[in-house]
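Engineer: Sequence plus predicted model, see below.
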Amino acid sequence: MAKSSTISIVTVMLKMKRTLIIGNWKMNLNTSQASILVHRLEERIKNHTNIEVVLAPSMLVLQPLSTQIDRRKFRLAAQNAHQKDEGAYTGEVSFAMLQDIVHYAIIGHSERRIYFHENLDTIRDKVAAAVRNGITPILCVGESQTERNAGETKRVIHDQLVTAISNLTSAEIENMVIAYEPVWAISTFGGILAKPDDIKKVMDYIRHQVSELYGKKTSETVRVIYGGSVDDHIAGGYLDIDGCDGVLVGGASLNYHKFSGIVDAANRIHNKNGDEQNGR
Ligand code: PEP
């Protein structure tokens, strides 16, 4: 195949990436509250071909929501699951049990690393378990304020990323999502607003690491998104970062005005970038 046609296929593949908007509801909303929120979101969010909206409710609410959601508009994500497929692990739910209900699973969230002491090996095993069961991992990586102040951001990201994906093939990595979530920017841990220029540097570093280990195609195909106190007013600044494929939203995803506003911002940016590429 001629080089120019190979390049144009890659360009088309990159343009075809849908922007990911993920709402992490954390340990909020019982079954009826969750149902009401989905109803409100369905009224406001259109069926966009260029945007993928993912909701991550509590474990309890996943099953009833899976029968309520309009699947043309929403996909579901688990916030966590156990790395073993079955066995004597009282109180746990496995990825194997979730495979018919969710498309995605958030793994390595800083709240799980900090409050539940999930270490690098546990997170690597959870990523492998998700993939083994046909669930796409949304791997969260990010440094703490102390690590940032000590100039350790790259080391922390390197260790978290390289360990977590070490059991995966290039094709499996291409299908996954990496969320850069600096701990200091998450609302629960300080909520300092990160500058898009600083975020871009770390996102570029993430792709560079993937490229070094798994090649350029994998690094360009894997989706890299940002999370940390994103709301409808500032989402555009992050979604406009070159190479940013979406946002992971915590607090603001519980508010249907804010969350649907973030989806609107993603749509505006997608259309603007499409216009620019087409020279309009
Ligand atoms: C999160 O929990 O992943 C998150 C980004 O939270 P918040 O948007 O509230 O900072």
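Structural biologist: Structure received. Numbers count the residues shown, from 1 in each chain.

Engineer: For the residue in the stretch 1-150 of the chain that the ligand sits nearest to, give the beta-bridge partners.
Structural biologist: Among all residues of the stretch 1-150 of the chain, residue 24 sits closest to the ligand, at 4.7 Å; criterion: CB to the nearest ligand atom. In short, each C-beta sits where N, CA and C put it, glycine included. With DSSP bridges applied, residue 24 shows beta-bridge pairing to residue 56.

Engineer: residues contacting it?
Structural biologist: Residue 24 is in contact with 56, 77, 79, 106, 109, 227, 248, 249, 250, 253, counting by CB atoms under 8 Å, 6 or more residues apart in numbering.

Engineer: How about residue 51?
Structural biologist: Shown in contact with residue 51 (CB under 8 Å, 6+ apart): 18, 19, 20, 21, 263, 266, 267, 270.

Engineer: Pick the one among the residues you listed closest to residue 244.
Structural biologist: residue 19 (8.7 Å; CB to CB).

Engineer: Count the neighbours of residue 108 for me.
Structural biologist: Other residues within reach of residue 108, judged by other CB atoms under 10 Å, total 27.

Engineer: For the stretch 1-150 of the chain, what lies in contact range of the ligand?
Structural biologist: 24, 109 (CB under 6 Å from any ligand atom).

Engineer: Do a quick rundown of the helices in the stretch 1-150 of the chain.
Structural biologist: Applying DSSP state H, counting those that start in this stretch to the stretch 1-150 of the chain gives helices spanning 3-15, 31-44, 59-68, 95-98, 110-115, 120-132, 145-149.

Engineer: Just the CA atoms of stretch 225-235, as CSV, please.
Structural biologist: Once non-C-alpha atoms are left out, stretch 225-235 reads as follows in CSV (Å, rounded to 0.1, in the frame of the first residue of the first chain):
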residue,chain,number,x,y,z
ILE,A,225,-8.6,11.7,28.9
TYR,A,226,-8.4,14.2,31.7
GLY,A,227,-10.1,14.3,35.1
GLY,A,228,-10.0,16.7,38.0
SER,A,229,-12.8,19.2,39.0
VAL,A,230,-14.1,19.4,35.5
ASP,A,231,-17.4,21.3,35.2
ASP,A,232,-19.4,22.8,32.3
HIS,A,233,-17.5,26.1,32.5
ILE,A,234,-14.0,24.8,32.2
ALA,A,235,-14.5,21.5,30.3
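
Engineer: and that stretch, which residues are buried?
Structural biologist: Across stretch 225-235, burial judged by 16 or more other CB atoms under 10 Å covers 225, 226, 227, 228, 229, 230, 231, 232, 234, 235.

Engineer: Same list, those residues, but only the ones touching the ligand.
Structural biologist: Checking the buried residues of stretch 225-235 against the ligand (CB under 6 Å from any ligand atom), the matches are 227, 228, 229, 230.

Engineer: Format those as a markdown table; extra columns: secondary structure and pLDDT.
Structural biologist: Compiled in a markdown table, those are given as follows (DSSP: H, G, I helix; E, B strand; the rest coil; pLDDT from 0 to 100):
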| residue | secondary structure | pLDDT |
| --- | --- | --- |
| 227 | strand | 98 |
| 228 | coil | 97 |
| 229 | coil | 96 |
| 230 | coil | 97 |
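
Engineer: circling back: which one of the contacts of residue 51 is nearest residue 41?
Structural biologist: Checking these against residue 41 with CB to CB, the nearest one is residue 263 at 8.6 Å.

Engineer: The closest one: neighbour count?
Structural biologist: When neighbours are defined as other CB under 10 Å, residue 263 has 23 of them.

Engineer: do the one 4 residues further on as well
Structural biologist: Taking other CB under 10 Å as the neighbour definition, residue 267 ends up with a count of 18.

Engineer: Could you do the one 4 residues further on as well?
Structural biologist: Applying other CB under 10 Å, we find 11 other residues in the vicinity of residue 271.
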